[in-house]
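S.K.: what follows is a predicted protein model with its sequence.
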Amino acid sequence: MDTFIQLTLNGLTLGSVYALIALGYSLVYGILKLLNFAHGDVFMVGSFIGFGALQLLGGSTDPIVPVWLLLILITLAAMAGCAVLGVAIERFAYRPLRDAPRIAPLISALGVSFFLAYSVQLMFGSQQRDYDAFSLDGGVLFLTGFNIGNVRVPLLRIVIILSAFVLMVLLWLLVTKTRTGKAMRATSYDREAAAMMGIDIDKVIVFAFVLGSALAGAAGVMFALRAPTAATIGFIAGLKGFTAAVIGGIGSIPGAMAGGLILGFAEAFTQGYISTRWSDLFVFVILIAFMLLRPQGLFGKADIKKV
Amino acid sequence: MKRQRWIALALALGATAALASTAGASPARVSGAQAVSCKSTLKIALVTPLTGGAGFIGNEQLSWAKYGVKTLAAKYGLKITLLAGDTPVEQGPAPAQALAQKYVGDKSVVAVLGPATSGAVAATSKTYFDAGLAHISPSATRTSLTKGTPREATAAFFRVVPGDYIQGPSDANYMITKLNAKKVVLIDFQEPYSVGLADAAQAVLKAKGVTTIRESTSVKTTDFSSLVTKVPNDADIVFFPSQQPEDAQTFGQQLLEQGKKAKVFGGDGTNSPDKFKLTGSYVSNFAPDISGFAYNKALIAGWKKDNPGATLGSFGPPAYLAVQVALNAIKKACDLGNGEIKDRRDVVRNVKRIVVKNSILGGDFRFSTKSNDPLNAKFYIFQIQSNGTYKLVG
């Protein structure tokens, strides 16, 4: 039973990160019908920005602010930095190709992905960067928390899960309860009609990239608080975020959240009960299965075929 | 139109056939018989990861290799230039292969220090052998390089550190005799170094009645949460032969996070006081703390003067020894050739005969008569202290 609880906790932590990445994919696809394959590397850049902010604030052994403020500041720095990066990517890599055949922005996205990964590698080297969150305040994030049975739920995992949940709720509120959200939804239904109704499509698209990239930045920091980051983590993380978005229904925000959690649980339970060797394989088998059996995902709508 | 299609198909088939015929071709055999004057500036090349996750190893080796050339070349009456070739571990054997081609083609390169990693040795030893170039590694420890059938390295390969066939059993015996381990989890990373080491340790543990659990994960894994969950609460040790000390640190932290009592026992790849500093963990390495030998005092002082602020590690001193062996062999080849190295193979022939008295690694150094491994070499076990230092315990 303890193993089950621990693996559930592992899955929830992993799934929260995947959900944030998946949301970025869904936001952009929902509006532009574009798979932003550079999104995983935006997540990676976010983890590096968080690392840089952490060093500026004194590092994990001697921070100049309390731990709770440190975590907020490095997360905000990563979100802001990635938002700017998202704007730049949209402006220079995708906007000029908006009316091109759909394969063109897809190839551009792949190019941006490799550009980001190799740029970071060139600037910072390929060695791992460790936040060393364990050293913060005597290990408080890892060694304090509460117990469920014999399983300790450490403070860091609580912070990650709750933060991801708060961000997802804020996004949902923004998309469903605000004028900007309404404009985004209108654009996703019919871009031309939305433009005719006076919605500034360019601004809506940029805003989607800002939101998606900011969430990826936050995910990058949450990931790196628990495991070292490196310039090479973006590709696989992006693929897994994409898989989560497909499982939930690409273009659907609740779907992205659900897909991320499902993927996190699948990975954790495969590693725990079968083998760690099989977890990545299993994840992509799930992707293929959904593409074959339910391509619209759990929350997506099936395409209506005109007969 | 139909004719054009046939012509295009024929051209394509021809090109494919040409490509296929070169795929299996081995590189042209480079003659080792290219005489060089010992009065000219000779070159030795250090092949090691200078960037990437294992860059800390290569940079330490480079600092000691430079120091070795600076202090020893004149002593042997030689003018030596040290070349440095980077082989990041993340890029596989390709960089090492490219460097091998470069160095065998340069007749003034008379010896190679390295390659540093076992995979790079396996990928390039034949190239060096065909060119008659001695390659003396300060850190490649894989057993199958010098033992077993077939061997992955050639007769031109030497190493100044012991192989994993010593490390695995040495670590296992320490776990049994000193740590009284009854249950050990062994993890490999699906690559030859860790698989070989884990296999060697597991064999000894099983033979002595210790319960062993074997797990495997990808070398790219950085979050070990679910793997840690599989570690039984009553496991005493987790053997973690990673080549990334940060991963050992993360794994150990996640063990503590999940309330597991097992201690992490890393191989020589995790030896890095800056990155792996979890109190109470163990690390094995092929070199002792050289400051424990009084005759090294001046040597260490000189190296520190050349490398202000650098920490004395355990990957660098074997590189110094490798330089010493190489220069000795070059000197012997020069003497036998009356001031000329008539054939690079003369250097290879002399490497095995080298004896270094009071070597930097402690005691006299010589090669075994049965292999190109050092005679009577051992692995050393360190425990990480609360102040982050590594204390020799076995």
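M.R.: Now that the structure is in, tell me what you want to look at.
S.K.: now whichever residue of chain B sits closest to chain A: which helix or strand?
M.R.: Here chain B gets closest to chain A at one residue, B:S226, 3.4 Å apart by C-beta to the nearest C-beta. In this view, the C-beta of every residue, glycine as well, is placed from N, C-alpha and C. Following DSSP states H and E, one finds B:S226 within helix B:225-229.
S.K.: which SSE is the residue nearest to A:V151 when sequence neighbours are not counted in?
M.R.: Distances taken as C-beta to C-beta, 6 or more residues apart in numbering or on different chains put A:I5 closest to A:V151, at 4.5 Å, once the chain neighbours are dropped. For A:I5, the host element (DSSP H and E) is helix A:2-32.
S.K.: can you give me the neighbour number for the residue nearest to A:V151?
M.R.: Neighbour count of A:I5, defined by other C-beta atoms under 10 Å in any protein chain shown: 16.
S.K.: pull the contacting residues for B:G280.
M.R.: B:G280 is in contact with B:263, B:383-384, counting by C-beta atoms under 8 Å, 6 or more residues apart in numbering or on different chains.
S.K.: residues in contact with whichever residue of chain A sits closest to chain B?
M.R.: Closest residue of chain A to chain B, C-beta to the nearest C-beta: A:Q271 (3.4 Å). By C-beta under 8 Å, 6+ apart, the contact set of A:Q271 is A:7, A:10, A:278-279, B:226-227, B:229-230.
S.K.: which SS class is it?
M.R.: helix (DSSP: H, G, I helix; E, B strand; the rest coil).
S.K.: how close does it sit to A:G264?
M.R.: According to C-beta to C-beta, to the nearest Å, A:Q271 and A:G264 sit 11 Å apart.
S.K.: give me the common contacts of those two.
M.R.: In contact with both A:Q271 and A:G264: A:N10, using C-beta under 8 Å, 6+ apart.
S.K.: number of residues surrounding B:K147?
M.R.: B:K147 has 16 nearby residues by other C-beta under 10 Å.
S.K.: doesn't it belong to a helix?
M.R.: No: with three-state DSSP as the criterion, B:K147 is located in coil rather than a helix.
S.K.: pretty sure it sits against B:P162.
M.R.: No: here B:K147 does not reach B:P162: they are 11.4 Å apart, not a contact under C-beta atoms under 8 Å.
S.K.: what's near enough to touch B:V36?
M.R.: B:42, B:107-108, B:110, B:340-341.
S.K.: check which helix or strand covers B:F251.
M.R.: Counting by DSSP H and E, B:F251 is part of helix B:245-257.
S.K.: give me the angle between that helix and helix A:2-32.
M.R.: Angle between the axes of helix B:245-257 and helix A:2-32 is 120 degrees (criterion: axes from the mean of the first three to the mean of the last three C-alpha atoms, to 10 degrees).
S.K.: dump helix B:245-257 to CSV, keeping only the CA atoms.
M.R.: Taking Å, rounded to 0.1, in the frame of the first residue of the first chain, the C-alpha atoms of helix B:245-257 are listed here in CSV:
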residue,chain,number,x,y,z
PRO,B,245,28.0,12.8,-9.8
GLU,B,246,25.0,15.1,-9.9
ASP,B,247,22.8,12.1,-10.4
ALA,B,248,24.3,10.4,-7.4
GLN,B,249,23.5,13.5,-5.4
THR,B,250,19.9,13.7,-6.6
PHE,B,251,19.4,10.0,-6.0
GLY,B,252,20.6,10.2,-2.5
GLN,B,253,18.5,13.3,-1.8
GLN,B,254,15.4,11.5,-3.1
LEU,B,255,16.3,8.5,-0.9
LEU,B,256,16.2,10.8,2.1
GLU,B,257,13.0,12.5,0.9
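S.K.: any bit of it sitting next to chain A?
M.R.: Yes: counting by C-beta under 8 Å from any C-beta of the partner chain, chain A is contacted by helix B:245-257 at B:246-247, B:249-250, B:253-254, B:256-257.
S.K.: can you add neighbour count and pLDDT and give these back as CSV?
M.R.: What follows is the residues of helix B:245-257 next to chain A, written out as CSV (neighbours: other C-beta atoms under 10 Å in any protein chain shown; pLDDT from 0 to 100):
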residue, neighbour count, pLDDT
B:E246, 23, 89
B:D247, 28, 91
B:Q249, 27, 94
B:T250, 28, 93
B:Q253, 24, 92
B:Q254, 24, 92
B:L256, 19, 91
B:E257, 21, 90
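S.K.: which positions in the stretch 151-300 of chain B make contact with chain A?
M.R.: B:190, B:215-218, B:220-227, B:229-230, B:244, B:246-247, B:249-250, B:253-254, B:256-259, B:275.
S.K.: and the residues you listed, which are buried?
M.R.: B:215-217, B:221-227, B:229-230, B:244, B:246-247, B:249-250, B:253-254, B:256-258, B:275 (16 or more other C-beta atoms under 10 Å in any protein chain shown).
S.K.: and the contacts of B:G280 as TSV, adding secondary structure, pLDDT and neighbour count?
M.R.: Below are these laid out as TSV (DSSP: H, G, I helix; E, B strand; the rest coil; pLDDT from 0 to 100; neighbours: other C-beta atoms under 10 Å in any protein chain shown):
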residue	secondary structure	pLDDT	neighbour count
B:K263	strand	97	21
B:Q383	strand	96	19
B:I384	strand	95	24
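S.K.: ok, which stretches of the stretch 1-150 of chain A are strands?
M.R.: A:145-148 (DSSP state E, counting those that start in this stretch).
S.K.: may I ask which helix or strand encompasses B:T127?
M.R.: Here B:T127 is assigned to helix B:118-130, by DSSP H and E.
S.K.: helices or strands next to that helix in the packing?
M.R.: Using 3 or more C-beta pairs under 8 Å, 6 or more residues apart in numbering or on different chains; DSSP states H and E as the contact test, the elements touching helix B:118-130 are helix B:94-104, strand B:134-137, strand B:157-159, helix B:192-207.
S.K.: got the contact list for the second one?
M.R.: Which is strand B:134-137. B:47, B:111-116, B:121, B:124-125, B:128, B:156-161, B:322, B:325-326, B:329, B:344, B:347-348, B:351.
S.K.: again, only this time at 7 Å
M.R.: For strand B:134-137, the surrounding residues in contact (C-beta atoms under 7 Å, 6 or more residues apart in numbering or on different chains) are B:111-116, B:121, B:125, B:128, B:156-160, B:322, B:325-326, B:329, B:347-348, B:351.
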